[in-house]
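Colleague: Provide a 3D model corresponding to the input given below.
(2 chains, ligands or ions: 2)
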Amino acid sequence: MTLFSLARKNIKGNFNNYFVYFVTLVFSMVIYYTFTSLQYSEKIQESIELSDTMSFMFGVSSIILILFVAIFILYSNSFFTRKRKKEVGLYAILGLRKKTIAKMLFYENLIMGIIAIVIGIILGTLLSKLFAMILIKLMGSIAEVDFGISILAITQTVIVFMVIILFTSVQGYRLIYRFTLIELFYDEKKGEQIPKVSLISAVIGVILLVVSYWLILKPFPDEFTTEYLMKNYGIAFVALVIGTHLFFRSVTVYLLRLSQKNKSRYYRGTRIIETSRLLFRIRGNARTFTVIALLSSATICFLGATYSGYYSNEKRAEEVVPFSYSHLSKGPEFDSQVERIIKADHRHPIKAQLDIPVIQVKGILSFQLDYDINPVQLISESTFNKAANALNKDETVLLSRNQAAVIQPRFTEYTKSVFKGENITIQLPQGSSELPFVHMVESNVLPFDYPDFFLVVSNEMFAEIAKKEAPLTYKVYEVENEVTAQATSKKVNKLVGNDFQVSSSFYTEYKQGKEGNAITLFIFGFLGLVFLAASGSIIYFKQLTEANEAKGQYEILRKIGVNKKDIRKSIKRQSLFVFGLPLTVGILHSCVALYFTSNFISNLIGINLIFPILMAIVFFVIIYAVYYVLTVNTYNRIVNK
Amino acid sequence: MKTIIEAKQIKKVYGAKGNVFSALEDIDLTVMEGEFVGIMGPSGAGKSTLLNILATIDEPTAGDIVVDGINLTKMNEEQLSAFRRDKLGFLFQDYNLLDTLTVKENIILPLALAKLNVKELERRADEVADKFGIRDILNKYPYQISGGQKQRTAASRAIISKPNLILADEPTGALDSKSATDLLESLKDLNEQDKATILMVTHDAYAASYCNRVLFIKDGKIFTELVKGKRSRKEFFNKVLDVLSALGGGANDVI
Ligand SMILES: Nc1ncnc2c1ncn2[C@@H]1O[C@H](COP(=O)(O)OP(=O)(O)OP(=O)(O)O)[C@@H](O)[C@H]1O
Ligand SMILES: [Mg+2]
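Modeller: Residues are numbered from 1 along each chain as shown, chains lettered A, B, ... in the order given. Ligands and ions are numbered 1, 2, ... in the order given. Predicted coordinates for the structure are as follows:
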């Protein structure tokens, strides 16, 4: 019998044991291949060439993905090897030469890897098409992403995985040389020794976590360089990883030890079994917990960012272009032409239609403001209220004769207190008049056009000024279902031209934002889903492997009189701990990270992202809960037949 | 005196169609309260199988078993678990200790499951640990102790809840003669003082000589039965040896 065939027999003989490892390999390859084939599709190559941020994002994402895939495979490989040390020891005792065993392990891993690559690429090709279609549908993008069989993607996948597989194969080859026979036989037991409570590592862990949180939450410096990014967040990331690991390693031991102290609780029912099982596996678990916590926070971040992008686009479009259509009146003929076009669209009937007269004047503020205010645009109180009402905004302004309310300039974060007690002097041909600020409202009613400084003034004041300075009139329309008004918007835009810096129709602004974001969102969404699947499956497989190992132990419990119901309860409690702890830490991490990103994004677009982030967390927790139920059921089926 | 075990026509067949193996054939067995019964026979005779069936860990292919007035074949899973937990002490041939628990935790497990209060639980743990001389290893884990220590731990666990029925599968197999005698003495104490009924499988004629009665099993059937009666232990021991040599194969097992 040749070595090669011995290795093949090995795999065939215990395929079940190899299954988990193999699934991991295939899974990683499918994910990686899908990503690379996306990367090499024409559309995306175009955008990569066009934009620096795009190529940066793809670069970073593919590094994250390679890292993730490599860690994932190495992790499951070491897990798999550990379980097989005994078998290897047995071969040695049966008299196989070390070299023979080493070669056998090498070939075995290589064969599995190569088969996994083939299957991974086939599945990846099928799945990527489906995946792309789903995500594109979700984002409502018209951008066609062409997935085909890409030679470049295949080559890259094969290269990356051959490197990883060769590495693990060499590890396998060295296994028999690295350990003595007795170590091979007793490893399982030795690896599971109960760690002592180490105060030092607990303290270091907490300090590292605090440092990394601090680094992440630190306000941005004035100058924002790549070097700063790398240094600050690189250190933060490393501290986070190590801190999390130490945290799990020491704090969980501490918690479990503490619960053991209370004897009357500990020695009651099946608690003694759960606690000791968890404690027994703490070393292995600490590693898994760290991976899960980090993966979940990455998942939540990616999903949060995706949903935030999606969510903020609509908000942003609404803020920048409040009405469905707006244009400057250019005489009755032109105006009615526009009106006809809008009225002709029966699928989007008009909900509100009004005129907004605006007077442009010169003004001087009573204080220093870091914003170019001239020309100041005046709107009358009643017009503003009517328009706000038409947009379903519950903002009304009530002013007496010479009072004024400022509308927060868009893309700024001035608060009420900035204007409080101050006033503005308006210069008119017949002299100037001083208007005190009494109020600030947040939503504007006209499309954005720099400088974006609007004042609402009382009706009398407006009428008085209008006598000297003829107002411009804007015509605005609000229609039903504006997010789909594609055709009409196109016609209106063409006719109106550039009245504002932004588009004159809501739909166009909304659509442009969406398309600009589509690929970014696609990547975020993709990575989010990958990590979601990965964290769930790691924990699921880990629990299942454990279940298979613990089968005998549960059988003993049944023999000494624990009934099935109690065993099920005990499994539930254990799994709750295993799932709950890393989830909690992961959510905490992601909140910090998202606080940072949302600050970043809010600064750019001025939108509060609490809602989309909360939604992402809720979504993640729900999926995670499904994994929990699945795990408990399967675990129970394995040990509690 | 009351009958504690009444087994009728027990059959146990392993394997599926075509490849069946009959481990027990029509075994009838009656054990009275307070008896100390030994079960002997060559390896593979079906002793463990019988004990497992009586312990409700295994199900007979056919036959009826009544323990303490309760028909075991008619009970559901939950009732059987409660029966094992509350009434039974089982000393397994392969110890069946839980790897994740310390020796002490292994021993008190039945009491913890029965939710006994901690004080009483600690007291009893000390008591059995002293009885079997395993005080020093109470805080060790099963993988850190020797085979004999494991056996004594398993014995402690089996008797800690003072069960009225103790089933022991080769309880002295891994023990030196001193520890074996200690264990047998404490079983005898339980039998005599606490009126516990004991069924013990053994290959060792010396251990068997502690019993009131010894059943010999061969090829899944009861071969013969030996009652101690008024005989001294020494005499009974020699009697057992005689039967073993008549049985054949069993003699090798005698030390
Ligand atoms: N699960 C099983 N499946 C098939 N055959 C079994 C099974 N368990 C036991 N047997 C067979 O039943 C017979 C009786 O086994 P048992 O374990 O009762 O023997 P024993 O008398 O306890 O032997 P020993 O003294 O070696 O412990 C043996 O021949 C054994 O091979
Ligand atoms: Mg046996």
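
Colleague: What strand or helix carries whatever residue of chain B ends up closest to chain A?
Modeller: Closest residue of chain B to chain A, C-beta to the nearest C-beta: residue B:85 (2.8 Å). Bear in mind the C-beta positions are built from the backbone N, C-alpha and C, glycine included. Secondary structure assignment for residue B:85, by DSSP states H and E: helix B:77-87.

Colleague: Could you tell me which residues within that helix count as buried?
Modeller: For helix B:77-87, burial by neighbour count (16 or more other C-beta atoms under 10 Å in any protein chain shown) applies to B:80, B:81, B:83, B:84, B:85, B:87.

Colleague: about what we covered before: for the residue of chain B closest to chain A, which non-adjacent residue is spatially closest?
Modeller: residue A:561 (2.8 Å; C-beta to C-beta, 6 or more residues apart in numbering or on different chains).

Colleague: so the one you found touches residue B:81, yeah?
Modeller: Yes. The criterion here is C-beta atoms under 8 Å, and residue A:561 meets it with residue B:81 at 5.1 Å.

Colleague: residue ranges for the helices of chain B, please.
Modeller: In chain B, the segments counted as helices under DSSP state H are B:47-54, B:77-87, B:103-113, B:118-132, B:147-159, B:177-193, B:205-208, B:233-247.

Colleague: Around residue A:130, count how many other residues there are.
Modeller: 11 (other C-beta atoms under 10 Å in any protein chain shown).

Colleague: distance of it from residue A:248?
Modeller: Separation of residue A:130 from residue A:248 (C-beta to C-beta, to the nearest Å) stands at 36 Å.

Colleague: Repeat that for residue A:572.
Modeller: 21 Å.

Colleague: again with residue A:390
Modeller: Distance, residue A:390 to residue A:248, by C-beta to C-beta: 55 Å.

Colleague: With residue A:102 instead?
Modeller: Where residue A:248 is concerned, residue A:102 sits at a distance of 34 Å (C-beta to C-beta).

Colleague: Looking at these two, which is more packed in?
Modeller: Neighbours were counted for residue A:102 and for residue A:248 using other C-beta under 10 Å; residue A:248 has more, 23 against 19.

Colleague: Contacts only, for that one.
Modeller: A:285, A:286, A:289, A:290, A:293, A:581, A:582, A:585 (C-beta atoms under 8 Å, 6 or more residues apart in numbering or on different chains).

Colleague: where does the chain have low pLDDT?
Modeller: In the absence of a named chain, this looks at chain A. A:1-17, A:43-57, A:83, A:131-132, A:134-149, A:182-195, A:197, A:220-226, A:516-519, A:598-608 (pLDDT under 70).

Colleague: Actually, chain B is the one I wanted.
Modeller: Per-residue confidence for chain B (pLDDT under 70) gives these ranges: B:249-255.

Colleague: Quick check: residues of it near ligand 1?
Modeller: B:14-15, B:21, B:23, B:41, B:43-49, B:93 (C-beta under 6 Å from any ligand atom).

Colleague: Filter those down to the ones in strands?
Modeller: Among these, the residues falling in strands (DSSP state E) are B:14, B:21, B:23.

Colleague: same for the helix or strand containing residue A:237, what does it pack against?
Modeller: In the assignment (DSSP H and E), residue A:237 maps to helix A:226-246. Helix A:226-246 is packed against helix A:199-217, helix A:282-320, helix A:564-605, with contacts defined by 3 or more C-beta pairs under 8 Å, 6 or more residues apart in numbering or on different chains; DSSP states H and E.

Colleague: Next, residue B:95: phi, psi?
Modeller: Backbone torsions of residue B:95, given as degrees, to the nearest 10, read phi 60, psi -50.
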